[in-house]
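[1] Have a look at this fold, sequence not included:
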């Protein structure tokens, strides 16, 4: 904490005056009170972005799924469990944001039915119907579409194949300013690691970063965000 | 760590000479490389049992699902992901155990098919076929059945209703020596908490414990294990 305070004092305050909303961690989509569909996100990437943004002077709101990480100091923390809850939190807290960084690993699907009690064991097979969860980033992007001061929208793409191609598709489909793409199949990159090798994909520029700590990736993302804002004349 | 070393020095070594195998944490049953079925277990209860057993002089092997907890000192740690992997680890490491404490929250079901690549988003609904996972504790119990030196078998029951009744059913069905039952629907008990209110259910005795830290619950469980061994004349 003392180290973090010193780092904050020494950091340039290039994001002062900005409100940055970051989503982080996995979502859990419950079948019943004790079973859920989820993914291995630990929240480290989103928490690193939130901490770096705070250090660089921004007002930060962190919308976080269930993680075991300590809450970053000086950051407003909002806990959510499901994709649906994350969407509501995003619409509530990010409406007046200057930057929206969607680092959460939102589950694509959820059980169509949620039981109130834990299901008892049954013999044989069972079939579960899954339905799509709301697309948080796309919904938010549509909500702010056409605004004079549209927030900078940053998405993440965790892929196991055709990483850059999928990232470009996401950029266009959700009208984002930047997609941080990484190959979660790589050993030192992606879920549960402390390092990441990412590609920053913008409409007019693709930047491959070397393997680096997630804290350094966070600053690289925020550097690009600052550059995108400068290019808009903000 | 220094505190833990001092506690270990001061503890009675009533479990010296025993090999205790503990399972802990959730299992994850993958649909594809990045999606899985799981439950909210953090591993705290099992890790507490492993640490307490070590402190009391036992040789401890901890078979653990994915958790964010630091590995307990002096304990052999074996990491597993799925119920299937846990079963293999149990049969390998617990064959010569004196005590087997099954604190892991093993998923009851897994997807019948696992995809090698992350599934791309699809419109509309999808159906997933789930099949039963192997019952780790029951399989292990059958394996050691009829042995002269059958290990003491301790199971856990996490229920949202009829807690004691379900615990008695588990005790009989899996031929266990002790079931630690708790109501995961209670706010201060069960998943993700540091405290637990449990009922210790043995064939001839039911003991309700007050709300207490999981570390104290761990020692209460080991006290019962020691008593059960003494009753056998071990």
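    Nice, I can see it. In this text, all values refer to a predicted model and were calculated from it rather than measured experimentally.
[2] Point me to the residue of chain A nearest chain B.
    residue A:68 (3.8 Å; Cβ to the nearest Cβ). Heads up, the C-betas are built off the backbone N, CA and C, glycines and all.
[3] burial count for that residue?
    Using other Cβ atoms under 10 Å in any protein chain shown, residue A:68 has 12 other residues around it.
[4] Hmm, it is touching residue B:42, no?
    Yes. Residue A:68 is within contact range of residue B:42, at 7.1 Å (criterion: Cβ atoms under 8 Å).
[5] any residues in contact with both of these two?
    With contacts defined as Cβ atoms under 8 Å, 6 or more residues apart in numbering or on different chains, the residues adjacent to both residue A:68 and residue B:42 are residue B:68.
[6] Start and end of stretch A:71-80, how far apart?
    End-to-end distance of stretch A:71-80: 14 Å, with Cα to Cα, to the nearest Å as the criterion.
[7] in it, what's buried?
    A:72, A:75, A:78, A:80 (16 or more other Cβ atoms under 10 Å in any protein chain shown).
[8] And stretch A:99-118, by the same measure?
    Applying 16+ other Cβ under 10 Å to stretch A:99-118 flags A:99-111, A:118 as buried.
[9] Tell me how far that stretch lies from the chain's centre.
    A distance of 13 Å separates the centroid of the chain from that of stretch A:99-118, by Cα atoms, centre = their mean, to the nearest Å.
[10] for that stretch, what is the average pLDDT?
    Mean per-residue pLDDT for stretch A:99-118: 90.
[11] can you tell me if that stretch touches chain B.
    Yes. Contact of stretch A:99-118 with chain B (Cβ under 8 Å from any Cβ of the partner chain) involves A:105, A:107, A:108, A:109, A:112, A:117, A:118.
[12] Was I right to think residue A:41 contacts residue A:104?
    Yes. With contact defined as Cβ under 8 Å, residue A:41 counts as touching residue A:104 (7.2 Å).
[13] For chain A, which segments are assigned as helices?
    Applying DSSP state H to chain A gives helices spanning A:2-10, A:44-55, A:83-93, A:136-144, A:163-173, A:214-231.
[14] What residues of the third one count as buried?
    Residues of helix A:83-93 classed as buried under the neighbour-count rule (16+ other Cβ under 10 Å) are A:83, A:85, A:86, A:87, A:89, A:90, A:93.
[15] Quick one: the residues you listed as TSV, columns for distance to chain B and pLDDT too.
    Output for those, formatted as TSV (distance: Cβ to the nearest Cβ, whole Å; pLDDT from 0 to 100):
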residue	distance to chain B	pLDDT
A:83	12	98
A:85	15	98
A:86	16	98
A:87	16	98
A:89	20	98
A:90	19	97
A:93	24	97
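[16] Which positions within stretch A:140-148 qualify as buried?
    Residues of stretch A:140-148 classed as buried: A:140, A:141, A:144 (neighbour count, 16+ other Cβ under 10 Å).
[17] where along chain A do the strands fall?
    With DSSP state E, the ranges of strands along chain A come out as A:19-24, A:29-32, A:35-38, A:59-64, A:76-79, A:99-102, A:109-111, A:126-132, A:152-159, A:178-183, A:195-196, A:198-202, A:205-208, A:212-213.
[18] Closest to the centroid, which residue in chain A?
    residue A:103 (1.2 Å; Cα atoms, centre = their mean).
[19] Residue A:44 is in contact with residue A:69, correct?
    Yes. The pair residue A:69 / residue A:44 is scored as a contact, 6.9 Å apart, by Cβ under 8 Å.
[20] Comparing these two, which shows the higher neighbour count?
    residue A:44 (23 against 15).
[21] Leaving out chain neighbours, which residue sits closest to residue A:140?
    Nearest residue to residue A:140, sequence neighbours excluded (Cβ to Cβ, 6 or more residues apart in numbering or on different chains): residue A:90, at 5.3 Å.
[22] Can you give the contact residues for stretch A:193-207?
    A:44-45, A:157, A:163-164, A:167-168, A:171, A:177-183, A:186-190, A:208-214, A:217, A:220-221, A:224, A:228.
[23] Flag the shaky bits of chain A, pLDDT-wise.
    Within chain A, the segments meeting pLDDT under 70 span A:8, A:118-124, A:185-189, A:234.
[24] Mind doing that once more with 50?
    By pLDDT under 50, chain A has no low-scoring segment.
[25] Please point out which parts of stretch A:171-187 sit buried.
    For stretch A:171-187, by 16+ other Cβ under 10 Å, it's A:171, A:174, A:176, A:177, A:178, A:179, A:180, A:181, A:182, A:183, A:184, A:185.
[26] Pull the most distant pair out of those.
    A:177 and A:185 (26.2 Å; Cβ to Cβ).
[27] what separates stretch A:141-151 from the chain centre, distance-wise?
    How far stretch A:141-151 lies from its chain's middle: 19 Å, per Cα atoms, centre = their mean.
[28] That stretch spans what distance, first to last residue?
    9 Å.
[29] Quick one: check that stretch for contact with chain B.
    No. Using Cβ under 8 Å from any Cβ, stretch A:141-151 never reaches chain B; the gap is at least 15.8 Å.
[30] same question, stretch A:47-60
    No. Shown here: stretch A:47-60 not in contact with chain B (Cβ under 8 Å from any Cβ), separated by at least 12.8 Å.
[31] Give me the neighbour count for residue A:97.
    So residue A:97, with other Cβ under 10 Å, has 23 neighbours.
[32] hang on, it packs against residue A:23?
    No. Using Cβ under 8 Å, residue A:97 makes no contact with residue A:23, being 11.2 Å away.
[33] backbone phi and psi for residue A:175, please?
    The phi/psi pair for residue A:175 (degrees, to the nearest 10) reads phi 50, psi 60.
[34] residues touching the closest residue to it other than its chain neighbours, list them.
    Nearest non-adjacent residue to residue A:175, counting by Cβ to Cβ, 6+ apart: residue A:141, 5.2 Å away. Contacts for residue A:141 (Cβ under 8 Å, 6+ apart) come out as A:153, A:174, A:175, A:176.
[35] Next one: residue A:141 from residue A:87, what distance?
    According to Cβ to Cβ, to the nearest Å, residue A:141 and residue A:87 sit 12 Å apart.
[36] ok, now residue A:226?
    Separation of residue A:226 from residue A:87 (Cβ to Cβ): 27 Å.
[37] same deal with residue A:177?
    Separation of residue A:177 from residue A:87 (Cβ to Cβ): 20 Å.
[38] same deal with residue A:57?
    28 Å.
[39] likewise residue A:44?
    Plainly put, residue A:44 is 23 Å away from residue A:87 if you go by Cβ to Cβ.
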